[in-house]
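> Sequence first, predicted coordinates after that:
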Amino acid sequence: MLRINHHICIPDYEIQISAIRAQGAGGQNVNKVSTAIHLRFDINASCLPELIKCRLFNSNDQRITKEGIIVIKAQNTRSQETNKAQALARLREIILNATLPRKKRIATKPSKNSQKKRLDQKNKHGKNKFLRRKVNPLND
C-alpha cells in the first residue's frame with residue numbers, strides 16, 4: 001500500500017510494476033539482470049478522488065499519457081529494490097502535487113515609474129540606432 005497523505009492510500013494491486021533491463025553501461029550483469037523498473041498506474045481505474053483525477057489529467061506532466069496512465073521508468077541504480085523505491089516515490093510525488101491547492105493569480109500592473117523607465121530605454125535605443133544609419137548627402 002502506497003500512502004500519499006493521511007487521507008489517500010493506493011492499494012498495491014492498482015500499481016503495475018515490471019522489471020526490465022536497464023539501458024546504458026552496466027558491467028558484467030548488463031545483459032543478464034533486469035534491474036530497471038517500469039511502473040504503470042491507471043488514473044481512471046484507481047480509487048483516487050475525482051478532484052485529484054481531474055487535476056492529474058489537466059497537468060502538463062509528460063509521464064501521463066492521453067489514456068490517463070502514469071508511466072515511470074527508474075533505472076538510476078543497479079539495485080532493483082532501490083529503483084522500485086524511487087519509482088514509487090516519483091508516483092507519490094506526482095499525486096501529492098495534484099492534491100495541493102493552486103495559488104490564485106493576482107493581476108498586477110507595472111508601476112508608473114517602471115513604465116517611464118521602459119519608454120525612456122526604448123527611446124534611447126531608438127536614438128542609438130538612428131545615429132548608426134548611413135549618412136545620405138542627397139537628403140540634406
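Looks like it came in fine. Fair warning: this is a prediction, and the values are worked out from it, not measured in the lab.
> Okay, strands next: where are they in the chain?
2-3, 9-10, 15-20, 36-42, 69-74 (DSSP state E).
> Of those strands, flag the one that's most buried.
strand 36-42 (a mean of 20; mean count of other Cβ atoms under 10 Å). In this view, the C-beta of every residue, glycine as well, is placed from N, C-alpha and C.
> list the helices and strands that strand packs on?
strand 15-20, strand 69-74, helix 80-99 (3 or more Cβ pairs under 8 Å, 6 or more residues apart in numbering; DSSP states H and E).
> could I get those as CSV with mean pLDDT and distance to Cys9?
Shown next, in CSV, are the helices and strands packed on strand 36-42 (pLDDT from 0 to 100; distance: least, Cβ to Cβ, whole Å):
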stretch, mean pLDDT, distance to Cys9
strand 15-20, 86, 12
strand 69-74, 90, 16
helix 80-99, 89, 11
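> closest one to His125 among these?
When the helices and strands packed on strand 36-42 are compared by Cβ to Cβ, helix 80-99 sits nearest His125, at 41.8 Å.
> Off-centre distance for the closest one?
Centre-to-centre, helix 80-99 and its host chain are 13 Å apart (Cα atoms, centre = their mean, to the nearest Å).
> Also stretch 107-116?
On Cα atoms, centre = their mean, the centre of stretch 107-116 falls 32 Å from that of its chain.
> for the residue most central in space within the chain, what are its contacts?
Closest to where the C-alpha atoms of the chain average out (Cα atoms, centre = their mean) is Asp61, at 4.8 Å. Residues in contact with Asp61 (Cβ atoms under 8 Å, 6 or more residues apart in numbering) are 70, 94.
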